[in-house]
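# Generate coordinates for the sequence data below:
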Amino acid sequence: MSKVKNVLVAGANGTTGRIIIDLLKESKNYQPIAMVRKQEQKDHFEKENVMAVMADLEEDLDHAMKNTDKVIFAAGSKGKNVIGVDQEGAKKLTDAAMKAGITKFVMLSSMGADKPSVSEDLKDYLIAKQNADDHLRVSGLNYSIVRPGSLTDDAASGKIQLQEKFENQGSISRADVAKTLVEVLDDDVKKNQIFEILSGETPIEKAVRS
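Residues are numbered from 1 along each chain as shown. I've put the predicted structure just below:
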C-alpha cells in the first residue's frame, strides 16, 4: 500500500481550486493542503478537515513546502496582478518546489500561452503565463503544464479532448479542468509535457494516458 501523498494546492480558495481540493479529498492516493492567504480561509478549510497553510505568492514560500509531495498551481489574480501572481508567484512556487524536492509540479496554464499575441485583451496575462510555464519547463522539476480553452462553470462531464496544440479555440468546464489536473499528478502521466484541453468525448483518465 503506497503512502498517501500530500498535494499543495496554490489558489485553493479560487473556483477551480476548491473543486481540486474536493477531488483530492475523495482520492485514495492524495490528500490536499490548501494554500491560502487569509486566516479566515485557513479556518474554513480546516473546518472541512482539509490541511491548510498560510502563504502569499508574493512572499517567501519555503515553509509552504513542508510535508508536501506534489504541487498544483491553480492560482490567478484575475488580471489584477498578472506579474506578481500569475508570473512571479508561479516562478517562486516552482523554485520553492525545486528546493524541497517535489516529485511532480502541475501547472494550470492557458491556451494561447505559447503565442500571447493571439488575444489583445489577454495579452499581458498570456505573456505572464508563458513566462511562468517557461520557468517551470527549464527548472528540472517533473512537470505537466495544462492549457485549457476558455473556462465555463458547466457541470463536470469527465470527458475532454486533448492535443499538444489545437487549431481551434474552444471551452471546457472548470470541473473537467480540475479533474485533469488531479489525473496528471501521477509522476509518470504526461511527464514533462505541455498540452491543451477542451471539452470532448474521451474520459479524462484515458485522455491523459494515451
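# low-scoring pLDDT stretches of the protein, where are they?
Applying pLDDT under 70 to the chain flags the ranges 1-2.
# The same query, at a cut-off of 90, please.
Across the chain, the ranges flagged by pLDDT under 90 are 1-3, 118-119.
# If you count contacts, what does the longest helix seen in the chain end up packed against?
If you go by DSSP state H, the chain has its longest helix at helix 123-137. In terms of contacts (3 or more Cβ pairs under 8 Å, 6 or more residues apart in numbering; DSSP states H and E), helix 123-137 is packed against helix 88-100, strand 104-108, strand 143-148. In this view, the C-beta of every residue, glycine as well, is placed from N, C-alpha and C.
# how about the ones you listed in JSON lines, adding distance to Asn29?
Shown next, in JSON lines, are the helices and strands packed on helix 123-137 (distance: least, Cβ to Cβ, whole Å):
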{"stretch": "helix 88-100", "distance to Asn29": "19"}
{"stretch": "strand 104-108", "distance to Asn29": "12"}
{"stretch": "strand 143-148", "distance to Asn29": "16"}
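# want to try CSV for the ones you listed, with distance to Ser210 and mean neighbour count as columns?
Putting those into CSV (distance: least, Cβ to Cβ, whole Å; neighbours: other Cβ atoms under 10 Å) gives the following:
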stretch, distance to Ser210, mean neighbour count
helix 88-100, 27, 21
strand 104-108, 18, 25
strand 143-148, 14, 24
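# Show me the helices in the protein, by range?
Counting by DSSP H, the chain has helices at residues 15-26, 39-47, 88-100, 123-137, 174-183, 204-207.
# Now do the last one: everything it contacts.
If I follow you right, that is helix 204-207. For helix 204-207, the external contacting residues (Cβ atoms under 8 Å, 6 or more residues apart in numbering) are Gly158, Lys159, Ile160, Gln161, Leu162, Asp176, Lys179, Thr180, Glu183, Ile197, Gly200.
# and the fifth one, what does it touch?
The reference is to Leu162. By Cβ under 8 Å, 6+ apart, the neighbours of Leu162 are Phe195, Glu196, Ile197, Gly200, Thr202, Ala207, Val208.
# biggest separation within the residues you listed, which pair?
Glu196 and Thr202 (13.5 Å; Cβ to Cβ).
# which of these two has more neighbours?
More crowded of Glu196 and Thr202, by other Cβ atoms under 10 Å: Glu196, with 24 against 14.
# is the more buried one in a bridge, and if so with what?
Assessed by DSSP bridges, Glu196 has beta-bridge partners Arg147, Gln163.
# From what I see, it and Ile160 are in contact.
No - the criterion here is Cβ atoms under 8 Å, and Glu196 misses it with Ile160 at 9.9 Å.
# coming back round to it: between the contacts of helix 204-207, which is nearest Thr103?
So of these, ranked by how close each gets to Thr103 (Cβ to Cβ), first place is Glu183, at 15.8 Å.
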